[in-house]
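# Have a look at this prediction, sequence included:
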Amino acid sequence: MTDRARWAADPATAHRLHSERGGAARGPRDAFQRDRDRIIHSISFRRLRHKTQVFMAPDGDHFRVRLTHSLEVAQIGRAAARTLGLNEDLTEALCLAHDIGHPPFGHAGERALEEALRNHGGFDHNGHTLRALTRLDSPYPEWDGLNLTWDTLEGLAKHNGPVREAGWALAEVDRAQDLGLDHWPSLEAQVAAIADDIAYDNHDIDDGLRAGLLTLDQLLELPMVAEGWAAVTARFPGVSRKRLVGELIRSQIGAMVNDLIAETRRRVAAAGIETVEDIRAAGQCLSGFSPGMREAERELKRFMYANLYHHPRQLAAAEMAHGVIAGLFAAYAADPALLPETWRETLPEEQTARARHIADFIAGMTDRYAVARYREVVGPLDLPEGF
């Protein structure tokens, strides 16, 4: 095992908002291992198995959902963190939790909630991740939320870099814990963010091919993919194209991870990093791709948006999903008696708080639960093929 780097996050110095009793009675785990386990055991995490990754409520059992995506991100993040001498457990916790705040139907659902809360502070999934973990998901008797460490909350808040203008949900958490939103987070959080990109860049290719919305010939127009395909076919001559697609994707993930590790090491050395505090004070991102890989990855993203994420079939499903979420919010706002009893009992009187409360309920829904509730409180719904 690689020795821990001096700038790795240290669980021995981690702290929580609420003091806890009887920690040793629950097993020999350090603070970040407990965070990871609390996330895995949470209701919010379990719901990810029925939330959209790319395809909404897909007919096929082999398509990825938010849960499987998060597991794949964690695998990539752990591997990179181990090689870089970072804290694997913190990295894994961040990877597993990073998508918990997504509402049903992915970005289509998020857009609908953002519009519904336009006059009440808006909605964004990253802020809602923090809200879910610090307030809404409350399995413990003495405090709201999971009482995760400051390091985990900081990493979730800022894994994409410093936050210049925090939305209301993130601002609430920051007021309670001062997450230092204007600084870069730990290197574990930075690695988790790139692991997310690596996972969906490549696994969405797999799902797009499986769904028939992408073709291998289209992909081979990208130089990075063409280069990888040439190497794969040279190693496995005579093997069918279909069987080599998986090897192509694995090889591409490996190339991106290796590039991430090498470039991160270069940046850390160039910045003269000695401690985890140096990481936060560096004033720059210290984990990422080399210039060549960064441009290749951006080209891949442009291709995926043009040919998969904005495919007419995907846009039709997104429009339907937007209507489901918008319709649910309008129905509950007009008649809160339609809410389940537990949500009615805690419904605030003030208008903004009430709107956010309704959004909390909807954001926690799975895709299929949202469809069922729409049919119950709004009316019939004809779903497009493959929805």
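In hand now; what should we look at?

# Quick check: mean pLDDT of stretch 260-272?
Averaged over stretch 260-272, pLDDT sits at 98.

# in the stretch 101-250 of the chain, which ranges drop under the pLDDT threshold?
Within the stretch 101-250 of the chain, no range satisfies pLDDT under 70.

# quick one, helices of it?
Assigned by DSSP state H, counting those that start in this stretch, the helices in the stretch 101-250 of the chain fall at 106-116, 125-131, 150-158, 168-177, 187-211, 216-219, 223-235, 241-270.

# Could you export those as a markdown table, including distance to Ala81?
C-beta here means a position set from N, CA and C on the backbone, and glycine is covered the same way. Shown next, in a markdown table, are the helices of the stretch 101-250 of the chain (distance: least, CB to CB, whole Å):
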| stretch | distance to Ala81 |
| --- | --- |
| helix 106-116 | 27 |
| helix 125-131 | 20 |
| helix 150-158 | 12 |
| helix 168-177 | 23 |
| helix 187-211 | 6 |
| helix 216-219 | 29 |
| helix 223-235 | 24 |
| helix 241-270 | 10 |
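
# Please indicate which of these has the most neighbours on average?
Comparing the helices of the stretch 101-250 of the chain by mean neighbour count (mean count of other CB atoms under 10 Å), helix 150-158 ranks first with a mean of 26.

# contacting residues around that helix?
The contact list for helix 150-158, computed with CB atoms under 8 Å, 6 or more residues apart in numbering, reads 9, 14-17, 32, 35, 90, 93-94, 97-98, 126, 129-130, 133-134, 163, 170, 173-174, 177, 179-181, 183-186, 188-189, 192.

# can you check stretch 106-120 too?
So stretch 106-120 is contacted by 51-54, 56, 102-103, 122-125, 317-319, 321-326, 329-330, 333, 351-352, 355-356, 359, 362-363, 370 (CB under 8 Å, 6+ apart).

# Using PyMOL, define a selection of the buried residues within the residues you listed.
Those of the contacts of stretch 106-120 that count as buried under 16 or more other CB atoms under 10 Å are selected in PyMOL with:
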select buried, resi 51+52+53+54+56+102+103+122+123+124+125+317+318+321+322+324+325+326+329+355+356+359+362+363+370
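
# Please flag which of the contacts of stretch 106-120 sit within helices.
Under the assignment DSSP state H, the contacts of stretch 106-120 contribute 125, 317-319, 321-326, 329-330, 333, 351-352, 355-356, 359, 362-363, 370 to helices.

# now Ile273: how far from Arg356?
40 Å (CB to CB, to the nearest Å).

# Kindly report the same for Ala271.
Counting by CB to CB, the gap from Ala271 to Arg356 is 40 Å.

# residues contacting the residue nearest the centre of the chain?
Nearest residue to the geometric centre of the chain (CA atoms, centre = their mean): Asp99, 2.8 Å. Residues near Asp99 by CB under 8 Å, 6+ apart: Leu48, Lys51, Arg66, His69, Ser70, His125, Thr129.

# which residues sit in contact with the second one?
Spelled out, that is Lys51. Going by CB under 8 Å, 6+ apart, Lys51 touches Val65, Arg66, Leu67, Asp99, His102, Pro103, Pro104, Phe105, Gly106, Thr366, Asp367.

# ok, the last one - contacts?
The neighbourhood of Asp367, defined by CB under 8 Å, 6+ apart, consists of His50, Lys51, Thr52, Met56, Ala57, Pro104, Phe105, Ala321.
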